[in-house]
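Chemist: next one to model:
(one chain, ligands or ions: 1)
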Amino acid sequence: MATSFNRRQWLKTGLLGSSLPLLQPWQLLDHLQEPVPGPSGKMPVRLNSNENPFGPSQKSREAVMASLDEGNRYPRTAINKLKEAIAQKEGVGVDQVLITAGSTEILGLMGLIYGLRGGNIVAGDPTFDYLMIYSELIGAKWKRIPLTPDKYFDLEAMGKAVDGDTRMIFICNPNNPTGTYIPKAEVSQFCEKYGSNVPIFIDEAYIEFTDGGVSNSLKDMVSDNPNIVVGRTFSKVYGLAGMRIGYALGHPDTIKVMQQFCMGRMITPSVPSMYAAMASMDDKWFTDMTVEKTMQGKAMVYDFCKQQQVRYIPSHTNFIWFEADRFKGDLVKTMASKDILIRSYADQPGWYRVSIGTPAEIQTFIDAAGLELV
Ligand SMILES: Cc1ncc(COP(=O)(O)O)c(C=O)c1O
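Modeler: The predicted structure follows:
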């Protein structure tokens, strides 16, 4: 009892007494729907988190089992091995790679480093907002730049929004939730123009799903410019979302600063995750299969939308952003009542996002959505 009283007292004087906002973690997490059994008692069809339904690959499963012998050791050796493999694959030095437990950790880290001194972060809206949410908690402002009518980043407006208080520009390319992709040449031109003065973070979580795949990455810019950092993940095309592996590519000086701010002393990733990542990195069969099946699923959704005159945004990712006005009521709720999870965003009324599951899961979604047309 005494302990809980003391803790409450401390919270009051420590947090409420300061200029920091009282943290309310549920506000950050309220969009995460737990995949509990639905009304029918079955596990739902999970089309709400852009996961890869085909993972983990056979090779990574085997690597995880074999890695258990090292499970009594801290993961530094395993992390270093993955770092070397990534550095070699990406054509950068090992001191240009930071590995974390999912790229969410990198977004939080960037939000922390660049939000700490207040000021603003320039980013499109809607986009993947975790970096900005994190930096707003500690005092920076998100300068929200509306997307163009066809849901692309308005790079010109983003550039114009940069001012003396801008601490960072965030570009999610391809973008979540719209699935739109700005060609490499345009983004690199933008980075050339603004990256000499302002740090720019490029979130490339879905780059493998674009035409041309990782050749579209801006990773080649990081070696010459300490202001450019690229974020990647093993959660999407590699099918390892639950294993939690992400990485940043940056200039050695920038990576050094990021390492200093890491909350888990750079040992948050687990040994099995590191080996799962190494095994999946060169599993071209698995990643090709994922991309191909994703394209199949996307084609099914596009056909449905075209037939039913539902407006959708052509996607360069493993999800599709589509308009709500051809559907009755709240499609997220109706789908959930049928054990199918999709997503909407409170601040983006009129639009839904469906992740591309297996073709069978997509068929289930299409059949159910077809019954909800006005
Ligand atoms: C654009 C983008 N970046 C980063 C992440 C975080 O992924 P993870 O933490 O699993 O690497 C996601 C997850 O959906 C995402 O959509």
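
Chemist: only C-alpha atoms for contact and neighbour calcs from this point on.
Modeler: Noted.

Chemist: what residues does the stretch 101-250 of the chain have near the ligand?
Modeler: When proximity is defined as CA under 6 Å from any ligand atom, the stretch 101-250 of the chain approaches the ligand at 102-104, 128, 172, 176, 203, 205, 233, 235, 241, 244, 246.

Chemist: just put these in TSV and tack on pLDDT.
Modeler: TSV is the format used below for these (pLDDT from 0 to 100):
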residue	pLDDT
G102	98
S103	98
T104	98
F128	98
C172	98
N176	98
D203	98
A205	98
T233	98
S235	98
A241	98
R244	98
G246	98
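
Chemist: what about those residues, which are in helices?
Modeler: Counting by DSSP state H, these place S103, T104 in helices.

Chemist: need the helices for the stretch 151-300 of the chain, in chain order.
Modeler: 155-161, 184-194, 252-261, 271-281, 284-307 (DSSP state H, counting those that start in this stretch).

Chemist: run the chain-centre distance for the second one.
Modeler: So the one you mean is helix 184-194. 21 Å (CA atoms, centre = their mean, to the nearest Å).

Chemist: now do stretch 238-255: distance to the chain's middle.
Modeler: The chain centroid and the centroid of stretch 238-255 are separated by 11 Å, computed with CA atoms, centre = their mean.

Chemist: could you dump that stretch to CSV, C-alpha only?
Modeler: Only the C-alpha atoms of stretch 238-255 are listed here, as CSV (Å, rounded to 0.1, in the frame of the first residue of the first chain):
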residue,chain,number,x,y,z
TYR,A,238,10.4,-11.3,-44.8
GLY,A,239,7.3,-12.3,-42.8
LEU,A,240,9.0,-11.9,-39.3
ALA,A,241,6.7,-9.2,-37.7
GLY,A,242,6.5,-11.2,-34.5
MET,A,243,10.3,-11.7,-34.3
ARG,A,244,10.9,-7.9,-34.1
ILE,A,245,13.8,-7.0,-36.3
GLY,A,246,14.4,-3.6,-37.9
TYR,A,247,17.5,-1.6,-38.9
ALA,A,248,18.7,1.8,-39.8
LEU,A,249,21.2,2.7,-42.4
GLY,A,250,23.1,6.0,-41.9
HIS,A,251,26.4,7.8,-41.8
PRO,A,252,28.8,6.4,-39.2
ASP,A,253,28.6,9.6,-37.1
THR,A,254,24.8,9.6,-37.1
ILE,A,255,24.6,5.9,-36.2
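
Chemist: could you pull out the strands for the stretch 101-250 of the chain?
Modeler: With DSSP state E, counting those that start in this stretch as the criterion, the stretch 101-250 of the chain has strands at 120-125, 141-146, 166-172, 200-203, 228-233, 246-249.

Chemist: next, format those strands as JSON lines and append mean neighbour count and distance to P314.
Modeler: JSON lines is the format used below for those (neighbours: other CA atoms under 10 Å; distance: least, CA to CA, whole Å):
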{"stretch": "strand 120-125", "mean neighbour count": "26", "distance to P314": "18"}
{"stretch": "strand 141-146", "mean neighbour count": "19", "distance to P314": "19"}
{"stretch": "strand 166-172", "mean neighbour count": "25", "distance to P314": "16"}
{"stretch": "strand 200-203", "mean neighbour count": "24", "distance to P314": "19"}
{"stretch": "strand 228-233", "mean neighbour count": "25", "distance to P314": "22"}
{"stretch": "strand 246-249", "mean neighbour count": "26", "distance to P314": "26"}
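
Chemist: low pLDDT regions in the stretch 1-150 of the chain?
Modeler: Using pLDDT under 70 as the threshold, the predicted model of the stretch 1-150 of the chain has low-confidence ranges 1-39.

Chemist: picking up where we left off before, how about the helices of the stretch 151-300 of the chain in JSON lines, adding mean pLDDT and distance to I113?
Modeler: JSON lines is the format used below for those (pLDDT from 0 to 100; distance: least, CA to CA, whole Å):
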{"stretch": "helix 155-161", "mean pLDDT": "98", "distance to I113": "21"}
{"stretch": "helix 184-194", "mean pLDDT": "98", "distance to I113": "19"}
{"stretch": "helix 252-261", "mean pLDDT": "97", "distance to I113": "7"}
{"stretch": "helix 271-281", "mean pLDDT": "98", "distance to I113": "26"}
{"stretch": "helix 284-307", "mean pLDDT": "98", "distance to I113": "33"}
